[in-house]
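Q: give the three-dimensional model of this entry:
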Amino acid sequence: MRPNRLREIWARGGAVANGWLAIPNSFSAETMAHQGWDSLTIDLQHGVVDYQAMVTMLQAISTTDTVPVVRVPWLEPGILMKTLDAGAYGVICPMVNSRADAEKLVAYTHYAPRGTRSFGPVRALLYSGADYPKHANDTIVTFAMIETAQALDNLEEILSTPGLDAIYIGPSDLSLALGCNPTFDDLDPKAAAAVEHILARAKAHGLVAGIHNGSPEAAARRIAMGFQFVTISSDARLMAAGSQQVLATLRASQPKASADGY
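A: Reported below is the predicted structural model:
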């Protein structure tokens with residue numbers, strides 16, 4: 001089976017640079033994949049990507065060594081299983097708020113006897129190899145998102161769930177849940193303290209911690225804190241920021257019209 005480079009990077013003590021895909025297009029996904037990201041996450045929760053677009057994007061990512069990850073819309077067995085069958089090597093599941101939620105996530109993403117995942121890895125066999133059924137349980141990476149006050153209350157129970165590989169912090173939702181301003185990088189003190197607490201407890205349980213960032217500078221700071229999976233912006237945001245920079249540079253170089261119109 002094709003190895004999962006996320007696990008290889010983490011085994012070396014490194015951090016994964018993860019890109020984020022919100023544009024439902026295989027060419028934009030292919031372009032992002034060729035830029036050197038360690039992994040790319042297709043967002044089915046808040047982006048405008050549907051399942052069929054996701055499949056074509058996974059195929060595009062497969063033209064490189066970039067690891068394909070998908071954030072599913074919710075903790076629902078059908079979409080989790082279909083996402084893995086399509087060839088995702090990692091899944092990020094939002095709104096995991098309890099030990100029961102975490103146990104369901106693990107069950108839905110693992111074959112028996114560890115879980116209840118139904119067998120049908122149609123495209124996963126093409127991406128990973130014929131021995132996928134034998135090694136999938138130990139290769140796929142399962143992230144539980146920690147982003148609510150309830151999840152914070154149940155943090156120890158979630159983190160101690162057997163079979164869970166990693167957690168992923170959504171800073172904006174976590175901030176909202178704590179009554180703070182929703183943002184990625186410059187968090188209010190209460191939200192920042194919660195992020196540090198989640199990271200420390202994840203490391204204590206031997207789990208990888210990931211987090212979304214708005215800038216490479218913030219991602220670098222969080223790697224220094226101990227995060228081993230850092231997302232930076234998104235394809236849509238990067239396209240907008242690049243366009244803004246180009247236009248600002250162009251317009252700054254143009255002579256300004258005189259006040260009298262001549």
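Q: and the residue nearest to residue 134 when sequence neighbours are not counted, how far from residue 121?
A: Nearest-residue entry for residue 134: residue 1, 7.3 Å, with adjacent residues in sequence omitted and distances by CB to CB, 6 or more residues apart in numbering. From N, CA and C alone the C-beta is placed, and that goes for glycine too. Here the distance between residue 1 and residue 121 works out to 11 Å (CB to CB, to the nearest Å).
Q: for residue 187, same thing?
A: 39 Å.
Q: shaky segments in the protein?
A: Filtered on pLDDT under 70, the chain yields the residue ranges 257-262.
Q: point to the residue nearest the middle of it.
A: Geometric centre of the chain, nearest residue: residue 41, 5.0 Å, by CA atoms, centre = their mean.
Q: please, where are all the strands along the stretch 151-262 of the chain?
A: Using DSSP state E, counting those that start in this stretch, the strands of the stretch 151-262 of the chain run over 166-169, 208-213, 229-232.
Q: tell me which other helices or strands the longest one touches.
A: Contact analysis of strand 208-213 by 3 or more CB pairs under 8 Å, 6 or more residues apart in numbering; DSSP states H and E lists strand 16-21, strand 166-169, helix 171-177, helix 189-204, helix 216-225, strand 229-232 as its packing neighbours.
Q: hmm, 6 Å instead?
A: strand 166-169, strand 229-232 (3 or more CB pairs under 6 Å, 6 or more residues apart in numbering; DSSP states H and E).
Q: quick one: that strand to chain centroid distance?
A: The chain centre lies 8 Å from the centre of strand 208-213; the measure is CA atoms, centre = their mean, to the nearest Å.
Q: now swap in stretch 179-194 and tell me
A: The answer for stretch 179-194 is 19 Å, by CA atoms, centre = their mean.
Q: ok, stretch 164-173 next?
A: Worked out by CA atoms, centre = their mean, stretch 164-173 lies 8 Å from the chain centre.
Q: what about that stretch, how long is it end to end?
A: Start-to-end span of stretch 164-173 (CA to CA, to the nearest Å) is 21 Å.
Q: with stretch 90-110 instead?
A: 12 Å.
Q: same check on stretch 109-129?
A: 18 Å.
Q: mind listing what's buried along that stretch?
A: 109-111, 115, 117, 121, 123-125, 127-128 (16 or more other CB atoms under 10 Å).
Q: try stretch 10-18
A: 10, 15-18.
Q: in CSV: the strands of the stretch 151-262 of the chain, plus mean neighbour count and distance to residue 152.
A: CSV is the format used below for the strands of the stretch 151-262 of the chain (neighbours: other CB atoms under 10 Å; distance: least, CB to CB, whole Å):
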stretch, mean neighbour count, distance to residue 152
strand 166-169, 25, 11
strand 208-213, 25, 14
strand 229-232, 25, 20
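Q: mind putting those in TSV, distance to residue 69 included?
A: Shown next, in TSV, are the strands of the stretch 151-262 of the chain (distance: least, CB to CB, whole Å):
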stretch	distance to residue 69
strand 166-169	10
strand 208-213	10
strand 229-232	9
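Q: ok, which of these comes nearest residue 63?
A: For these, proximity to residue 63 was assessed by CB to CB; strand 229-232 is nearest, at 21.3 Å.
Q: pretty sure residue 127 is touching residue 85, no?
A: No. Using CB atoms under 6 Å, residue 127 is not in contact with residue 85, being 10.4 Å away.
Q: ok, now which ones touch residue 8?
A: Residues counted as contacts of residue 8 (CB atoms under 6 Å, 6 or more residues apart in numbering): none.
Q: what about it, which SS state?
A: Following DSSP: H, G, I helix; E, B strand; the rest coil, the label given to residue 8 is helix.
Q: tell me which residues touch residue 64, please.
A: Here residue 64 is in contact with 33-34 (CB under 6 Å, 6+ apart).
Q: could you rerun that using 10 Å?
A: Listed by CB atoms under 10 Å, 6 or more residues apart in numbering, the contact set of residue 64 reads 30, 32-37, 40.
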